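Visitor: got a sequence here, can you build the structure:
(one chain, ligands or ions: 1)
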Amino acid sequence: MEDNGQLSFIKPSNYEISKTRKFQNDISRVENMDYNEEEDFYICKNNKKLILTGTKTEKSKTGYLSEKSIYICENCNGCPYKAECIKGRNCNTPLEERTKQLNVSKKFKEKRAEDLERILTEEGQQLRMNRSIQAEGSFGELKQDMGFRRYLCRGSQNVLAESVLLALAHNINKLHNKIQGERTGTHLFKLKKSA
Ligand code: SF4
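Guide: Below you'll find the predicted structure:
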């Protein structure tokens, strides 16, 4: 998106769950550890440092390459929080011998933080509200108001043609409503401010 000169206003996938008490009390999560930006280490629930030990490159199913920074705890021996902190019960190494490791994509973390900041601004809230009204609403209007339940044609070209006709009908409807409501020339509904 940056290469295209675009800004994202995408709600992070963990946005809702990150507000739950369960998430916020989960000490195994990197989001719940303190981070020292200057010296690049995390501090865990047991006040130990998780130190940067190296990086590795991971490839996603779609072929996207991401660099992960690997942080390892300086000493997990005898930690009373170990069972809560170190997940993955299928590991062959007994829990007592295991050490906490975090794999963090710094780029992902940075982009997610920027995105979160943007969606909480007034502009971000307005765009999100309009997305839910305009994009999601279109499906509802097509299916419920216009009674479109299934394609009448087969084959991708025919389905595309049918979709274009539907979109045209939808847009004419929308334009008509805008003219009636004297809202031509505007693309976004205003945020309703609570008193
Ligand atoms: S298991 Fe290790 S990283 Fe987790 S809280 Fe204990 S000392 Fe810290």
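Visitor: the chain: strands as residue ranges?
Guide: Assigned by DSSP state E, the chain shows strands spanning 34-36, 41-43, 49-59, 65-73, 101-104.
Visitor: reformat the ones you listed as TSV; add mean pLDDT.
Guide: Formatted as TSV, those follow (pLDDT from 0 to 100):
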stretch	mean pLDDT
strand 34-36	97
strand 41-43	98
strand 49-59	97
strand 65-73	97
strand 101-104	96
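Visitor: nearest to Thr121, of the ones you listed?
Guide: Closest approach to Thr121 among the strands of the chain (C-beta to C-beta): strand 34-36, 23.5 Å. Just so you know, the C-beta spots here come from the backbone N, C-alpha and C atoms, and that holds for glycine as well.
Visitor: what residues of that closest one count as buried?
Guide: In terms of neighbour count (16 or more other C-beta atoms under 10 Å), strand 34-36 has its buried residues at Tyr35.
Visitor: that strand vs the ligand: in contact?
Guide: No: remark: strand 34-36 sits outside contact range of the ligand, by C-beta under 6 Å from any ligand atom, the gap being at least 11.7 Å.
Visitor: and for the spatially most central residue of the chain, nearest residue in space, chain neighbours not counted?
Guide: In the chain, the C-alpha nearest the mean C-alpha coordinate belongs to Pro12, at 2.2 Å (C-alpha atoms, centre = their mean). In space, and not counting its chain neighbours, Pro12 is closest to Arg112: 5.2 Å by C-beta to C-beta, 6 or more residues apart in numbering.
Visitor: how near is Arg128 to Arg89?
Guide: 38 Å (C-beta to C-beta, to the nearest Å).
Visitor: those two: who's more crowded?
Guide: For Arg128 versus Arg89, neighbours defined as other C-beta atoms under 10 Å are more numerous around Arg128 (16 against 7).
Visitor: and the chain, which residues reach the ligand?
Guide: Within reach of the ligand by C-beta under 6 Å from any ligand atom, the chain has these residues: 44-46, 48, 73, 76, 79, 81-82, 85-86, 100.
Visitor: what comes into contact with the helix or strand of the chain with the lowest mean pLDDT?
Guide: In the chain, no helix or strand scores lower on mean pLDDT, DSSP states H and E than helix 136-140, which sits at a mean of 86. For helix 136-140, the surrounding residues in contact (C-beta atoms under 8 Å, 6 or more residues apart in numbering) are His170.
Visitor: name the nearest residue to Glu141, sequence neighbours excluded.
Guide: His170 (6.5 Å).
Visitor: same check on Phe41?
Guide: Take Phe41 and drop its neighbours on the chain: the residue closest to it by C-beta to C-beta, 6+ apart is Lys49, 4.7 Å away.
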